[in-house]
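Undergrad: Task: produce atomic coordinates for the following.
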Amino acid sequence: MTTVILSAATPELPSLLALEAIVRAQLEQKGETQIRTFDLANVKLAYCQGEFDCWVKTPGVCRAHDAEEEIVRAIHDADRLVLIDEVTYGGHSYAVKRAQDRMICLLSPFFEKRASLTHHGSRYDKQASFYALGWMPRKDPAQARTWCELADANAINMLAPCAGAVVVDDNHRDEWAAEVCAMLTSVAHPGENIHARGPLRESLLEAVRPAPGASTPTRTRTAAILVGSAKIKGTSVSELMARALAARMQSEGVTMELHFATDFVHETKAAEVATQIAKADLFVLVTPLYVDALPALVVHALDHVARVPTDMPARFAAIINCGFPEPEQVRTAMRIARHFCDRAGYRWAGGLPLGGGGYLKPEVPLDEQHGPAEHVKRALDVAAKTLTEGGDVPEIAIELMMKAPMPDVAYRWLGDLGWRYTAHKHGLAQRDLRARPLDS
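TA: Numbers count the residues shown, from 1 in each chain. Have a look, this model is predicted:
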């Protein structure tokens, strides 16, 4: 057996160093000697830019050439992948998420249905089992639940044969060895508890609905929107929707500021932008879904915003879109957004989940689009009005955004045609879409 460990451990996080040692000791006790550890906190990695070159331009190979190439090859060759990380809003830290976002080159772009939802197919014949070990200073059952659900979703996406996940805390250190052992010996099949789409929709609705016990609404004077996509400006669905929402709220007299997750690449500018966001009455995140959660750069941005001290009772809302036809795909990412509120002192004003983001044309203003865009425009109309008045995202806006303009099977068919057409434009033969560069 060969194991790859992706670890966020640093001397500043001694608990993670201790957990990393426990994992290695447990594996060595089982006779495993081929263990390779990547200390991601000390590795300089590019962030995923969401351009899908690794599917339709250089299939199986990321456009960024850095240590991720070595990480991906090691995972390709491994029997087991173990992630060791600090639980961050129920998900992964920036250090680990940068590496995880760029693992999609191990998958095929083509769609198939697994565990009641659409997923990408396999590029390679063999996949590693997936294990996620999370640490928190103090126990938080809600974040622990999100962590374990995220691990299961990641394992489904990566076609892992087995999966396990656990969250430990400093108050129960005497239980660490037993919990790590149980995780590493888990033979649970990813998605084995998912039997229908209905419970996934209920989980999504639970996540997106505003926090109960709303106070008396105070009209929004200032709002900040953060675009989570790392794509070139003017080319993302997230920016398209962000600008449409901003225009609606501006017409109602709200002073709007539009920011981008890429603003947080450089630390000096990051602190400045985070301060500007924290001053707003309303903070709205508009982002794509990356590997079942928020993109690494978004996690980085939220970390900066959370560190800005503020006494303002500000509100936070999220619009999360994905390229799969089902809005249920963003249920875990919405929960991560809610956990951010708890950490940063915001009030959760609700979320708008969009499935089938591929319907929308980033290069055409949203209000000039029709057909599949109609339900998105109507959802933003309703949400913008209520948010401007100081209220929360209303149920009708959530229902509108979740509408599907076409059957899922038709979306998958058209999506696969889209991958083929894009590859053709790049001069690739169709067989190249299924290239396996790591097998050579």
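Undergrad: List the contacts of residue 339.
TA: Neighbouring residues of residue 339 by C-beta atoms under 8 Å, 6 or more residues apart in numbering: 89-90, 142-143, 146. C-beta coordinates here come from the backbone N, C-alpha and C atoms, glycine included.
Undergrad: Closest to residue 243 out of those?
TA: Nearest to residue 243 among the contacts of residue 339 is residue 89, at 26.0 Å by C-beta to C-beta.
Undergrad: Could you report the pLDDT at the closest one?
TA: Per-residue confidence at residue 89 stands at 98 (pLDDT).
Undergrad: close enough to count as contact, it and residue 299?
TA: Yes. Contact between residue 89 and residue 299 holds when scored by C-beta atoms under 8 Å: they sit 7.5 Å apart.
Undergrad: quick one, helices of the stretch 101-250 of the chain?
TA: Counting by DSSP state H, counting those that start in this stretch, the stretch 101-250 of the chain has helices at residues 141-157, 176-184, 198-208, 237-250.
Undergrad: Pull out the buried positions in the second one.
TA: For helix 176-184, the neighbour count (16 or more other C-beta atoms under 10 Å) marks 176, 179-181, 183-184 as buried.
Undergrad: Can you name the two of those that sit furthest apart?
TA: Most distant of those, by C-beta to C-beta, are 176 and 184, 12.3 Å apart.
Undergrad: Give me the distance between residue 183 and residue 145.
TA: Distance of residue 183 to residue 145, computed by C-beta to C-beta, to the nearest Å: 15 Å.
Undergrad: try residue 211
TA: According to C-beta to C-beta, residue 211 stands 17 Å off from residue 145.
Undergrad: likewise residue 268?
TA: Distance, residue 268 to residue 145, by C-beta to C-beta: 37 Å.
Undergrad: swap in residue 387?
TA: Distance from residue 387 to residue 145, by C-beta to C-beta: 28 Å.
Undergrad: higher neighbour count, the two?
TA: Higher neighbour count among residue 387 and residue 145: residue 387, with 29 against 14, using other C-beta atoms under 10 Å.
Undergrad: Which strands and helices lie in contact with the helix or strand harbouring that one?
TA: Residue 387 is part of helix 374-388, with elements assigned from DSSP states H and E. For helix 374-388, the elements it packs on are helix 237-250, strand 315-321, strand 347-354, helix 395-401, judged by 3 or more C-beta pairs under 8 Å, 6 or more residues apart in numbering; DSSP states H and E.
Undergrad: Repeat the analysis, applying 10 Å as the threshold.
TA: Packing contacts for helix 374-388, counted by 3 or more C-beta pairs under 10 Å, 6 or more residues apart in numbering; DSSP states H and E, involve strand 222-227, helix 237-250, strand 282-288, strand 315-321, strand 347-354, helix 395-401.
Undergrad: which residues are contacting stretch 15-29?
TA: Applying C-beta atoms under 10 Å, 6 or more residues apart in numbering, the contact partners of stretch 15-29 are 1, 3, 5, 7-11, 13, 32-35, 37, 39, 41, 80, 82, 84-86, 93, 131, 133-137, 168-170, 173, 176-177, 179-181, 183-185.
Undergrad: which parts of it are buried?
TA: Of all the residues in stretch 15-29, those buried under the rule 16+ other C-beta under 10 Å are 15-17, 19-20, 22-24, 26-27.
Undergrad: what's the helix or strand for the closest residue to residue 231 other than its chain neighbours?
TA: Once flanking residues are discounted, residue 231 sits nearest to residue 50: 5.2 Å by C-beta to C-beta, 6 or more residues apart in numbering. According to DSSP H and E, residue 50 maps onto no helix or strand at all.
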